[in-house]
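> Just need the structure, nothing else, for what follows:
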Amino acid sequence: MGIRAKSVGSTSLATTVLLVVGSLAAAAPAPAASVRPGPSGYSVARLRHDVAAVRQAGGGAVNVVARVDAPGGPLQARAGAAAAGSTAPVPWGAEFRIASTTKTFVATVVLQLVAEKRLSLDDSVEHWLPGVVAGHGNDGRRITVRDLLRQTSGLFDYIDDADVQKMLRNFDANRYNDTPPTELVAIAMRHRPLFAPQPGGRTRWAYSNTNYLLAAMIAQKAGGADWRELVEHRIIARLGLRHTVIPGANPFLPEPHARVSLSTAPGTSLDITDNSYQHTADSGVVSTTEDLNTFFRALANGELLPAEQWREMRQTVSRTDDPEDVREQPLGDYGLGLRKIPLSCGSYSYTHEGDGIGVYTRPAVTADGHRAVTISLTSTSTLPDLPALNKATNALIDNALCNRS
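Numbers count the residues shown, from 1 in each chain. Below you'll find the predicted structure:
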């Protein structure tokens with residue numbers, strides 16, 4: 001199940017899962033032997049400073065691991081503990097659920113299939129999935145593959161369904177839930193769409209995890225394998241991402257990893273690390289900061305897509321009908337599984353955040369692919385305020401990609 005957590009105080013699923021109270025995890029500085037300073041500009045010291053600011057923005061209740069890859073060599077910094085109450089530092093090379101950053105992997109595979117003429121971005125959903133998007137005002141004939149990838153379909157986000165929310169509020173009892181994506185799409189079809197795409201009209205935008213379940217179903221038909229196999233073969237194996245996996249409903253993370261926990265009452269904590277919720281194409285990849293930097297640099301460098309499809313991926317639309325998304329991340333527009341964020345030094349970075357229950361992923365790459373940064377955050381008690389957290393992570397990303405000393 002894909003999870004796009006929203007900020008504390010909203011009625012979204014992440015904030016309705018648990019009652020949270022504050023506690024602090026122990027901080028550990030990065031050992032000098034684990035990093036190499038760049039020749040100039042952004043340094044390990046500056047990265048450590050920015051990581052500390054990110055942790056502070058998370059109320060001290062997040063563990064942070066960040067890595068910058070650039071021509072001068074990699075930089076790393078971390079803050080926090082491997083688990084709540086532990087004195088061991090959050091591990092280097094920690095594996096984590098990347099949540100909605102998975103969407104960039106899926107969009108890349110779909111665009112590879114487009115380049116191979118196996119499908120078109122202008123194909124309708126109905127063409128590939130007859131009768132799947134129908135009922136309650138939903139019409140797959142009016143929605144294209146492009147609409148799915150750029151979040152302009154108007155389809156209801158299945159995560160917002162009352163029954164899904166109820167299940168997630170009972171996290172521990174349902175942590176091994178492995179509802180198939182076809183059933184999740186069917187749940188979305190019980191609801192009227194927010195809007196219907198209008199050919200030649202104003203493009204409307206609203207984030208929906210349902211879009212990527214459908215995109216993966218189309219990729220399977222066009223590519224002859226399910227989305228997991230397509231991503232594993234076309235991206236993970238191709239780039240040699242040795243620490244990137246798609247576990248499906250397997251609830252356990254590879255080692256090493258940090259534990260994720262949330263407080264349910266004063267002095268009481270629930271470990272939520274092991275779960276199967278994020279097993280679908282909107283959220284199901286597990287990776288590391290190093291592998292995500294490799295992936296995003298390869299995307300920008302043209303290793304994964306021909307120039308035409310990379311151009312298509314970067315064609316953005318304004319976010320019009322999702323005020324919560326704009327509140328959490330006021331910068332940038334949305335392309336095909338990719339956000340375009342302006343940098344203070346000129347040009348843009350390209351990214352897709354991943355927000356799950358207590359896990360947050362922030363990757364970004366420069367337009368030329370020369371510099372990339374990924375920040376992984378895991379909760380130890382309270383769910384962070386996402387606007388505040390995003391402000392701090394945006395600052396770190398801007399400093400790192402602008403090579404600011």
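
> Can you list the residue ranges for helices in the stretch 1-150 of the chain?
13-17, 44-57, 102-115, 125-128, 145-150 (DSSP state H, counting those that start in this stretch).

> out of the ones you listed, which comes closest to Leu389?
Across the helices of the stretch 1-150 of the chain, Leu389 has its closest neighbour in helix 44-57 (5.2 Å, C-beta to C-beta). The C-beta positions use only the backbone N, C-alpha and C, and glycine is treated the same way.

> what mean pLDDT would you report for that closest one?
The average pLDDT within helix 44-57 is 97.

> buried stuff in it?
For helix 44-57, the neighbour count (16 or more other C-beta atoms under 10 Å) marks Val44, Arg46, Leu47, Arg48, Asp50, Val51, Ala52, Ala53, Val54, Arg55, Ala57 as buried.

> One more: stretch 235-248?
Ile235, Ile236, Leu239, Leu241, His243, Thr244, Val245, Ile246, Pro247.

> can you check stretch 192-211 too?
Under the neighbour-count criterion of 16+ other C-beta under 10 Å, stretch 192-211 has 193-197, 204-211 buried.

> need the buried residues of helix 44-57 in JSON lines with distance to Gln112, can you?
Below are these laid out as JSON lines (distance: C-beta to C-beta, whole Å):
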{"residue": "Val44", "distance to Gln112": "36"}
{"residue": "Arg46", "distance to Gln112": "37"}
{"residue": "Leu47", "distance to Gln112": "33"}
{"residue": "Arg48", "distance to Gln112": "38"}
{"residue": "Asp50", "distance to Gln112": "34"}
{"residue": "Val51", "distance to Gln112": "34"}
{"residue": "Ala52", "distance to Gln112": "40"}
{"residue": "Ala53", "distance to Gln112": "38"}
{"residue": "Val54", "distance to Gln112": "34"}
{"residue": "Arg55", "distance to Gln112": "37"}
{"residue": "Ala57", "distance to Gln112": "37"}
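
> and of the residues you listed, the nearest to Val110?
Checking the buried residues of helix 44-57 one by one against Val110 (C-beta to C-beta), the nearest turns out to be Val54, at 32.0 Å.

> Looking at the buried residues of helix 44-57, which one is closest to Ala70?
Nearest member of the buried residues of helix 44-57 to Ala70, counting by C-beta to C-beta, is Leu47, at 11.3 Å.

> Contacts only, for the closest one.
By C-beta atoms under 8 Å, 6 or more residues apart in numbering, Leu47 lies in contact with Ala66, Val68, Leu75, Gln76, Ala77, Leu396, Ala400.

> Chain neighbours aside, what residue packs nearest to Ala88?
Using C-beta to C-beta, 6 or more residues apart in numbering and skipping the chain neighbours, the partner closest in space to Ala88 is Ala82 (4.3 Å).

> Contact partners for the one you found?
Asn63, Ala88, Pro89, Val90, Pro91, Pro256, Ala258, Arg259.

> List the ones among these that fall in strands.
With strands taken from DSSP state E, the overlap with the contacts of Ala82 comprises Asn63.

> Cross the buried residues of stretch 192-211 against helices and list the overlap.
Residues of the buried residues of stretch 192-211 located in helices (DSSP state H): Thr210, Asn211.

> of the buried residues of stretch 192-211, closest to Gly224?
Out of these, the member with the shortest distance to Gly224 (by C-beta to C-beta) is Asn211, at 21.8 Å.

> which ones are touching the closest one?
Counting by C-beta under 8 Å, 6+ apart, Asn211 makes contact with Asp147, Leu148, Leu149, Gln151, Ser153, Leu155, Asp282.

> Show me which pair in those residues is furthest apart.
Asp147 and Asp282 (15.4 Å).

> Tell me which of those two has more neighbours.
The residue with more neighbours, out of Asp147 and Asp282, is Asp282; 29 against 24, by other C-beta atoms under 10 Å.

> The more buried one: what's it in contact with?
Residues in contact with Asp282 (C-beta under 8 Å, 6+ apart) are Gly2, Arg4, Ser100, Thr102, Lys103, Val106, Asn209, Asn211, Tyr212, Leu213.

> The closest residue to Trp310 other than its chain neighbours: neighbouring residues, count only.
Nearest in space to Trp310, with sequence neighbours left out and distances taken as C-beta to C-beta, 6+ apart, is Gly302 at 6.3 Å. Using other C-beta under 10 Å, Gly302 has 12 other residues around it.

> hang on, Ile375 packs against Asn399?
No - judged on C-beta atoms under 8 Å, Ile375 makes no contact with Asn399 at a distance of 11.8 Å.

> Looking at the two, which is more packed in?
Comparing Ile375 with Asn399 by other C-beta under 10 Å, the one with more neighbours is Ile375, at 27 against 23.

> Ok, which of the helices of the stretch 1-150 of the chain comes nearest Arg327?
Closest to Arg327 of the helices of the stretch 1-150 of the chain is helix 13-17 (C-beta to C-beta; 13.8 Å).

> for that closest one, what is the average pLDDT?
Averaged across helix 13-17, pLDDT comes to 42.

> now swap in stretch 229-236 and tell me
Mean predicted lDDT for stretch 229-236 stands at 98.

> Just flag the most distant two among the buried residues of stretch 192-211.
Longest span within the buried residues of stretch 192-211, C-beta to C-beta: Ala196 and Asn209, 18.6 Å.

> can you tell me which residues contact Asn301?
Residues counted as contacts of Asn301 (C-beta under 8 Å, 6+ apart) are Asp368, Gly369.

> same deal with Ile187?
Ile187 neighbours (C-beta under 8 Å, 6+ apart): Tyr158, Asp161, Asp163, Val164.

> which SS class is it?
Here Ile187 is recorded as helix under DSSP: H, G, I helix; E, B strand; the rest coil.

> mind checking how far it is from Ala215?
Here Ile187 is placed at a distance of 17 Å from Ala215 (C-beta to C-beta, to the nearest Å).

> next one: Met167
Taken as C-beta to C-beta, the span from Met167 to Ala215 is 24 Å.

> now do Arg259
For Arg259, the distance to Ala215 equals 32 Å [C-beta to C-beta].

> who has more neighbours, the two?
Each of Arg259 and Ala215 has its neighbours counted (other C-beta under 10 Å); Ala215 has more, 27 against 23.
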